[in-house]
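Colleague: any chance you could fold what I've pasted below:
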Amino acid sequence: MTKRRLAITAAFAAVAIALTGCSKADKASDAFVGVILPDAASSNRWETADRGFLQAAFDAASVKVDIQNANGDVATFATIADQMLTAGAKVLILVNLDSDSAKAVQDKAAAQGVKTIDYDRLTLNGSASYYVSFDNEAVGRLQGEGIKACLDAAGKTNARIVYLNGSPTDNNATLFKAGYDSVLR
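Modeller: Predicted coordinates for the structure are as follows:
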């Protein structure tokens, strides 16, 4: 599923580059896609899986890519985006740290005619052309159904469930919660 999602990301980026085109002042060979990963602390997948899959997908599509990591820092996220825009990125793929900082990057990119793609985390009130992820609420429902099935199998009818929800600034966590709440409450 992850490989498929990353291939879709690369395809969206390739389409976005084709749609934006290059002006006479630009050289097609200078066009590239910038990818900003959020950190390595919230999940090691960003560096151990996504970076490699994204690189492979862009290489397979013959699309030049610059993949960087903001290391959990909003200022670093903005600086990387500014550098990519200055260097001529035609598309930015963002895994946001929070919606406000990502929206600021999307606004700056849009002002320069650069397309943005939200990857894995939706930027609320943002202007991304695409959102590449999965159905977060359905994932939450599946989590809830799994817990319910285990409790039913164990004969537990009045079990106390402790919820450890994600950050309130993480839209995915909010959607997961909505999904499992629909089953468990």
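
Colleague: give the contact list for the residue nearest the centre of the chain.
Modeller: In the chain, the residue lying closest to the centroid (Cα atoms, centre = their mean) is Y119, at 2.1 Å. Going by Cβ atoms under 8 Å, 6 or more residues apart in numbering, Y119 touches 9, 35, 93-95, 132-133. (Each C-beta comes from the backbone N, C-alpha and C, glycine too.)

Colleague: which single one of these is nearest to S42?
Modeller: V95 (9.8 Å; Cβ to Cβ).

Colleague: hang on, isn't the closest one packed against L37?
Modeller: Yes - between V95 and L37 there is a contact under Cβ atoms under 8 Å: 5.5 Å.

Colleague: so what's in contact with those two at the same time?
Modeller: Contacts common to V95 and L37, judged by Cβ under 8 Å, 6+ apart, are W46.

Colleague: pull the number of nearby residues for A138.
Modeller: Neighbour count of A138, defined by other Cβ atoms under 10 Å: 12.

Colleague: check what pLDDT it gets.
Modeller: Looking at A138, its pLDDT reads 94.

Colleague: which helix or strand contains it?
Modeller: helix 136-153 (DSSP states H and E).

Colleague: what comes up buried for that helix?
Modeller: Judged by neighbour count using 16 or more other Cβ atoms under 10 Å, the buried positions of helix 136-153 are 136-137, 139-141, 143-144, 148.

Colleague: could you do stretch 30-49 as well?
Modeller: Buried-residue list, stretch 30-49, by 16+ other Cβ under 10 Å: 31-40, 46.

Colleague: same check, this time on stretch 68-79
Modeller: Taking 16+ other Cβ under 10 Å as the criterion, stretch 68-79 shows 68-70, 76-78 as buried.

Colleague: same check on stretch 98-117?
Modeller: 98-99, 101-106, 108-109, 114-117.

Colleague: and the pLDDT at the residue with the largest distance to the centre of the chain?
Modeller: Going by Cα atoms, centre = their mean, the residue of the chain most distant from its centre is G155, 39.3 Å out. G155 carries a pLDDT score of 93 in this model.

Colleague: next up, the contacts around it.
Modeller: The contact partners of G155, taken as Cβ under 8 Å, 6+ apart, number zero.

Colleague: could you pull out the helices for this protein?
Modeller: 2-20, 45, 51-60, 74-87, 99-111, 136-153, 171-184 (DSSP state H).

Colleague: which one of these has the lowest average pLDDT?
Modeller: Mean pLDDT values for those show the minimum at helix 2-20, a mean of 57.

Colleague: okay, the contacts of Y119 in a markdown table with distance to A178 next?
Modeller: A markdown table is the format used below for these (distance: Cβ to Cβ, whole Å):
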| residue | distance to A178 |
| --- | --- |
| T9 | 25 |
| V35 | 28 |
| I93 | 26 |
| L94 | 23 |
| V95 | 21 |
| V132 | 20 |
| S133 | 15 |
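
Colleague: per the annotation, how does this protein divide into domains?
Modeller: If you go by automatic domain parsing, the domain ranges for the chain are 2-132, 136-184.
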